[in-house]
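**Student:** From the sequence below, what's the structure:
(2 chains)
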Amino acid sequence: MPFNQKPQKFSAKINTVTIGTGDKAISLGGESVLPFYTFDGDIENAPKVGVEITDNGIDDSLPGIKAFYDGCASVADMAKKASQMEGADFVVLTLVGGDPNGDNKSVEDLVAIVKEVVAAVDCPLVVKGCSNVEKDAALLPKVAEACQGTNALIMSAKEENYKAVGASVGLAYDLNMGAESAVDINLAKQLNVISTQLGVKADRIAMDVGTAAVGYGYEYVVSAMDRIRGAALSQDDATLQMPIITPVANDSWNVKEAVASEEDFPEWGPREERGIGMEIMTAASDLVSGSNAVILRHPQSVATIAKMVKELV
Amino acid sequence: MYKVTFKFEDGSQVENYATEGETLLELAQKSNVVIDAPCSGNASCGKCKIKLLEGQMESKKTRHITDDEFDQGWRLACISELTNDVEVLVPDIASAFKSRMKVADLSSKDEIQIFQQTKESIEFAGIDLHNSLDVVEVMMDPPSLDDTMPDNERLARALRKYMNLKTVRFPYSVLLKMPDVLRESDFTVKCVIRTTPDDMFVYDIFPKDYDVVIGGLAIDIGTTTVSALIINMETGEILAKASSGNGQIRYGADVINRIIESQKPGGQLRLQKAVIEETINPMVEQMCSSIGFSKKQIYRMCIASNTTMNHLFAGINADPLRMEPYIPAFFKTNSLFASDLGIDVNPDAHIIVAPNIGSYVGGDITAGTFVSMIWNKPEFSLFIDLGTNGELVFGNSDFLMSCACSAGPAFEGGDISCGMRATDGAIEACTIDKETMEPTCIIVGGEGEKPIGLCGSGIIDVISELYLAGIIDPKGKFIREGKRIKRDEYGTGSYVLAFEEEAGSVKDVEITEVDIDNFIRAKGAIFSAIQTMLVSLDFDVSMIDNVYVAGGIGSGINMQNAVNIGMFPDIPQEKFHYVGNSSLSGSYAMLLSTESERKVYEIAQNMTYMELSTVPSYMDEFIGACFLPHTDINLFPSVKARME
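**Tutor:** Residues are numbered from 1 along each chain as shown, chains lettered A, B, ... in the order given. From the prediction side, this is the model:
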C-alpha cells in the first residue's frame, strides 16, 4: 500500500514577534505547524539562538568562554563580540548583579551598562532582569527607557510585577515584553490574560514558560510546552499564541553535571564539556517541545544548535 | 507564678496564674477565656490578637501586626510567653466567633419550613415516617396478698400480653421509678417503649393521666457550628431549635488541627468534653428550659457530622484518619448510648450516627444527600456542601459519586484577616459602586449593627463586585486607586469596607490581596473538584439539571456572584437551590423515620468515592481555577459577556 501523507493543518497560527530593527531584526513565531514539522507546512521563521552575557563580565572559570571574550574590557565589548558569534541571532544581557541577595547593584549602574550595550551592538537585544521581583519592578522600567527605539525584548515580567514592567515596556516605550511563568500552562495563560488586559499588545509578548535542565524533572517542561502549543494551534486559544523564548543557559550551567569540578569527579571528564553537553541537550529538547528561541552561553553550544536548526528547517 | 488578668471590652475580667514559659494562649485556654486560634497556635493566622495593658511579655512581632500596632501593645497570644505579671485586653473580635448560643424563635414559620419540606419530600418518595418508639397504656391487676408478683414482673406480664412478645426489658432508670408510679396511678400506666419483632425495651413509665411526649434530639456537629433540634418523635413536630459554636474551635479551626490537638496528652478527652459538655449539653439544657421539657424524655438522638467530628464526639482515636491509608474506626455504628458519652438526656437513649463513606466524606454528606433527594431523581444533580472541607455528590437515581476537596476554612471566615462566621456584625452581602467604589453592605443582626468582619457570602459578594468594577484583576490584585484602596509598606493592596470609626471593631474592616488570594484558592478547589468529577464521567456542566448548595456559608449566598468569581459552574440561575443545613435536616429525617435511616445506610453503601489526590489532572484543573473567573474564560460565557 502506498504511503499517503496527510498534512496536519491548523487554521490557527503563532503570533509573530519582531525583535530589533533594520536588517538584523529577527522574527519569532508565525508558524501554524508543530515544531520542525516542515512536512506539514512552511515554518516561516526558523527558531533563533541568543547569546547570554551578564553585567558581571566574563566567566573566566570556563576556558572556552574566557578565550572567546579575550580582550573585552567592558560588558559593551562583550556584547559586541557576542553579536558576532557563529550562529548567534541576538544578544541577551542578564542583569544578575541587581539581585538584592547578591551584589545588589543600583538601578542607575545597571541602566548605565544597558545604555553602553545598546550603543555597542546593532543586533537585536534582549534584556533579562535580576530574578528578584521587587528589584525588577524598579529596574526594568528604567531599562525599557534606555532601550527606547531599539525594539528590544525585555524579559522577566512575572505575575507579581507585570503591572510595572508591562506599563513601561509595553505601553510607554512600545517594546516587546517577555512574560515569565513557572512551567505550567494555566499560569502562562493567566499572565498573558492579565498582561493583555493591562493593554500590552498580544503581538508584543513572548512567553518564557520556564525550563529545567534535561534529567531534572524535564518531562514537566515537555508536557507544558507541548500543551501550550497544542492549545494555541488546535484549539485556537488566542491567549496562548505567543512565541516561546527559553533561557537555557542558567538552568543547564547550574546543575551538578555542569558545576562539579574535575578534581572531585575525574571519571566525568572536563567540566566545560559536560556543561556544553547539558546546554545543547536542553536547548535541543526545548526547541522540539515548542520553543521559538533559546538563550545559550557557550560559543560551542550556540554553533551546534544553530547548525541543528539550519539542517532541520 | 505570674498573675495574668484578662480584661474584656464589656468591663468583666478573669484572673489566673501562669507558670514560667507558658504562652498567653495556653493560659487562656486553661482559664476558659475564649480567644480564637484557628491555626492552633502556630502564629500563622493572626486571629489571637490581644492588647497588652500592663506588664511585659516575651513576644515577637509578626506580619499580622504593624509597627504602630506593636507600639500600642498588640500581640499575638500564641507566641507571647509569660515572664511577668500582666494585664491584657481581649478585644471582642478575638472572641467574635464565640458561641453565642442561639435558641431559635419558632413562632415564625421560616425556621421550621425546611423541616416541613423534608418531611413532605420523604413522604413523596414513598418512605414511611414512623420509628420504633411508641407510647402504650397498660392496665394491671393491683397486687394483693393472693397475688404477690413483684412490680417488674407484673408490668412485664401486662406488656407481654398486650404486645404478644417474648421478652420485655427494663433499664435501671425505669425500675427506680416503678413502685411509685404504679401505685400513684392505680396500676394503670403509660410506657415509652421500643419494639422489635420479638423484643421490647421500656424507656420510661408515667402515670396514666400524664401527657407523654416522646422526645428526640437531632444534631449536626459541624467543624465550626453545632445545630440541634428537639422533636416530637410521634408527629415529627419541631419543639425547639438551637445553634452554637463548636466548643472545640479554640483547639484549631480545621479537622487536621483538631486531630493533632487530640493526640496531645489528654487531648482526646479535652476535645470530647468541648463538644459534649461545653456545647451539646448546654444546648439541650437551654432548649428544654425554653419549652419546659424534661431532658430525660429525650429517648433517641441522631448525629450527622463529618468523620473526624463523629470520631472525636465518640472519644475514638481519629489519628488514623489523617494518615495514609486514611482508615476510620467506623463507617456506621450501633454501639453508642447517651450514658456512655455523658450526654445529658435519657441515659438509655440510643445514638444513631449518620454513616461515613471515607475519612473525608462523612455522615453530614450521606444525611444531606438523602434529604436533597438527588438519589430519587432521574435527572443529574449536583449536591455541594460548602464547609471547611468542600464535599460534592453528583448523580441521579442510578448512581452517586462523591468527592471531597480541601477548601480550607475561608468559607466560614477562616484564613481571612477580617473573616468571621455568619453571626452578628458579619457583612453578609455587599454591592460596590463601579464609579465611586463605595460599598453598600448588609450586616447580620440587622439595623444598627456595626460591621466587625466578613462571612463567606459577604466575601463572595465583595470579590465579585471588586472584579466586575475593575478594581481587582483576575488574579485578585488591586489595579485601581482611591480612598478605599490602601497599600501597606510592601505594596499589598486592600479594600476598606468600613473605616475604623464606622466599624464595631478596633480597626478597619477590609479585605486584602492575601485574603482574596486565599479565597480564590478555596473557590478554585471547589470548582476544580466539580470539573474533575464531571470530566472523569465524560460529562460537562450542561448535563447538570440542579445544583443543591448546603452549608453554613450564609443563607444569603448570591449564586450569580458565586458564578461570577468562578466558584460554581456557569449554568442558569434557576438551577441553583440553597438547601440550608442539610446535615441537620438529614439528621432529623433519620431520627424520625426508621425507613429513612435505612435508606441513608443504603445510599452510603452505594456511593462511589473518588479520591481527588489520585487524579493527575486535578492539580491542573486547580491552577486553572485559581483565577477570576477561570483561566479558560469559555467555561464562563455569561461572565465573559458581562465583562465585554
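**Student:** In the chain, which helix is the longest?
**Tutor:** No chain specified, so I'll use chain A. helix A:271-289 (DSSP state H).
**Student:** Can you look at chain B instead?
**Tutor:** Max-length helix for chain B by DSSP H is helix B:513-536.
**Student:** That helix: which residues count as buried?
**Tutor:** By 16 or more other C-beta atoms under 10 Å in any protein chain shown, the buried positions in helix B:513-536 come out as B:513-516, B:518-534, B:536. The way it works is simple: take the backbone N, C-alpha and C, and place the C-beta from them, glycine included.
**Student:** Please determine whether that helix lies in contact with chain A.
**Tutor:** No. Judged by C-beta under 8 Å from any C-beta of the partner chain, helix B:513-536 makes no contact with chain A; its nearest approach is 10.2 Å.
**Student:** returning to that earlier point: which helices and strands sit right next to the longest helix of chain A?
**Tutor:** helix A:63-68, helix A:218-234, helix A:249-252, helix A:256-259, strand A:293-296, helix A:299-312 (3 or more C-beta pairs under 8 Å, 6 or more residues apart in numbering or on different chains; DSSP states H and E).
**Student:** Paired strands for the fifth one, with orientation please.
**Tutor:** It refers to strand A:293-296. Applying DSSP bridges to the sheet, strand A:293-296 is found paired with strand A:48-54 (parallel), strand A:245-247 (parallel).
**Student:** Am I right that residue B:274 sits in a helix?
**Tutor:** Yes. Counting by DSSP: H, G, I helix; E, B strand; the rest coil, residue B:274 falls inside a helix.
**Student:** Can you name the residues that contact it?
**Tutor:** Taking C-beta atoms under 8 Å, 6 or more residues apart in numbering or on different chains as the criterion, residue B:274 is in contact with B:246, B:247, B:248, B:250, B:251.
**Student:** ok, of the residues you listed, which come out buried?
**Tutor:** B:246, B:247, B:248, B:250, B:251.
**Student:** Filter those down to just the ones in strands.
**Tutor:** Among the buried ones among the contacts of residue B:274, the subset assigned to strands under DSSP state E is empty.
**Student:** Any chance of those residues in JSON lines with distance to chain A and pLDDT as columns?
**Tutor:** Supplementary listing: the buried ones among the contacts of residue B:274 in JSON lines, determined by distance: C-beta to the nearest C-beta, whole Å; pLDDT from 0 to 100:
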{"residue": "B:246", "distance to chain A": "36", "pLDDT": "87"}
{"residue": "B:247", "distance to chain A": "41", "pLDDT": "86"}
{"residue": "B:248", "distance to chain A": "37", "pLDDT": "89"}
{"residue": "B:250", "distance to chain A": "36", "pLDDT": "78"}
{"residue": "B:251", "distance to chain A": "36", "pLDDT": "83"}
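**Student:** Please flag which of these sit within helices.
**Tutor:** Short answer: these have none in helices (DSSP H).
**Student:** Including distance to residue B:111, could those go into JSON lines?
**Tutor:** Listed next are the buried ones among the contacts of residue B:274 as JSON lines, based on distance: C-beta to C-beta, whole Å:
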{"residue": "B:246", "distance to residue B:111": "20"}
{"residue": "B:247", "distance to residue B:111": "23"}
{"residue": "B:248", "distance to residue B:111": "25"}
{"residue": "B:250", "distance to residue B:111": "28"}
{"residue": "B:251", "distance to residue B:111": "30"}
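**Student:** with those residues in mind, which one is nearest to residue B:391?
**Tutor:** Residue B:391 lies nearest to residue B:246 out of the buried ones among the contacts of residue B:274, by C-beta to C-beta, at 17.6 Å.
**Student:** from what I can see that closest one touches residue B:276, true?
**Tutor:** No. Look at residue B:246 against residue B:276 with C-beta atoms under 8 Å: they stay out of range, at 11.0 Å.
**Student:** Grab the most central residue of chain B for me.
**Tutor:** Closest residue to the average C-alpha location of chain B: residue B:222 at 2.4 Å, with C-alpha atoms, centre = their mean.
**Student:** And the residue of the stretch 401-550 of chain B closest to chain A?
**Tutor:** residue B:473 (5.1 Å; C-beta to the nearest C-beta).
**Student:** could you pull out the strands for chain A?
**Tutor:** For chain A, the strands defined by DSSP E occupy A:16-19, A:26-29, A:48-54, A:90-94, A:125-128, A:153-157, A:176-180, A:205-208, A:245-247, A:293-296.
**Student:** Need these in CSV (columns: mean pLDDT, distance to residue B:125 and mean neighbour count).
**Tutor:** CSV is the format used below for the strands of chain A (pLDDT from 0 to 100; distance: least, C-beta to C-beta, whole Å; neighbours: other C-beta atoms under 10 Å in any protein chain shown):
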stretch, mean pLDDT, distance to residue B:125, mean neighbour count
strand A:16-19, 97, 62, 22
strand A:26-29, 97, 60, 22
strand A:48-54, 97, 68, 25
strand A:90-94, 97, 69, 26
strand A:125-128, 97, 65, 26
strand A:153-157, 97, 58, 29
strand A:176-180, 97, 55, 27
strand A:205-208, 97, 55, 26
strand A:245-247, 98, 60, 29
strand A:293-296, 98, 64, 29
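**Student:** any chance of those strands in CSV, plus distance to residue A:62?
**Tutor:** Listed next are the strands of chain A as CSV, based on distance: least, C-beta to C-beta, whole Å:
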stretch, distance to residue A:62
strand A:16-19, 27
strand A:26-29, 27
strand A:48-54, 13
strand A:90-94, 16
strand A:125-128, 20
strand A:153-157, 23
strand A:176-180, 26
strand A:205-208, 24
strand A:245-247, 18
strand A:293-296, 13
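**Student:** Among those strands, which comes closest to residue B:203?
**Tutor:** Nearest to residue B:203, of those and by C-beta to C-beta, is strand A:176-180 at 70.9 Å.
**Student:** Show the secondary-structure elements that that closest one is packed against.
**Tutor:** Strand A:176-180 packs on strand A:16-19, strand A:153-157, helix A:162-166, helix A:185-198, strand A:205-208, going by 3+ C-beta pairs under 8 Å, 6+ apart.
**Student:** Using PDB, write down the CA coordinates of the longest one.
**Tutor:** Only the C-alpha atoms of helix A:185-198 are listed here, as PDB (Å, rounded to 0.1, in the frame of the first residue of the first chain):
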ATOM      1  CA  ILE A 185       0.100  26.000  31.100                       C
ATOM      2  CA  ASN A 186      -2.500  27.700  33.300                       C
ATOM      3  CA  LEU A 187       0.000  30.100  34.900                       C
ATOM      4  CA  ALA A 188       1.400  31.000  31.500                       C
ATOM      5  CA  LYS A 189      -2.100  31.700  30.200                       C
ATOM      6  CA  GLN A 190      -3.100  33.700  33.300                       C
ATOM      7  CA  LEU A 191      -0.100  36.000  32.900                       C
ATOM      8  CA  ASN A 192      -0.900  36.600  29.200                       C
ATOM      9  CA  VAL A 193      -4.600  37.400  30.100                       C
ATOM     10  CA  ILE A 194      -3.700  39.900  32.700                       C
ATOM     11  CA  SER A 195      -0.900  41.500  30.600                       C
ATOM     12  CA  THR A 196      -3.200  42.000  27.600                       C
ATOM     13  CA  GLN A 197      -5.900  43.300  29.900                       C
ATOM     14  CA  LEU A 198      -3.400  45.800  31.100                       C
END
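**Student:** who's in contact with it?
**Tutor:** Under C-beta under 8 Å, 6+ apart, the answer for helix A:185-198 is A:157-159, A:162-163, A:166-167, A:170-171, A:177, A:179-181, A:202, A:205, A:207, A:209, A:224, A:227-228, A:231, A:237, A:239-240, A:242, B:473-475, B:479, B:620, B:623-624, B:626-627, B:631-633.
**Student:** try stretch B:621-635
**Tutor:** With C-beta under 8 Å, 6+ apart, stretch B:621-635 has contacts from A:184, A:186-187, A:189-190, A:193, B:463, B:467, B:472-476, B:520-521, B:523-525, B:527-528, B:531-532, B:535, B:541, B:563-566, B:569-570, B:636, B:639-640.
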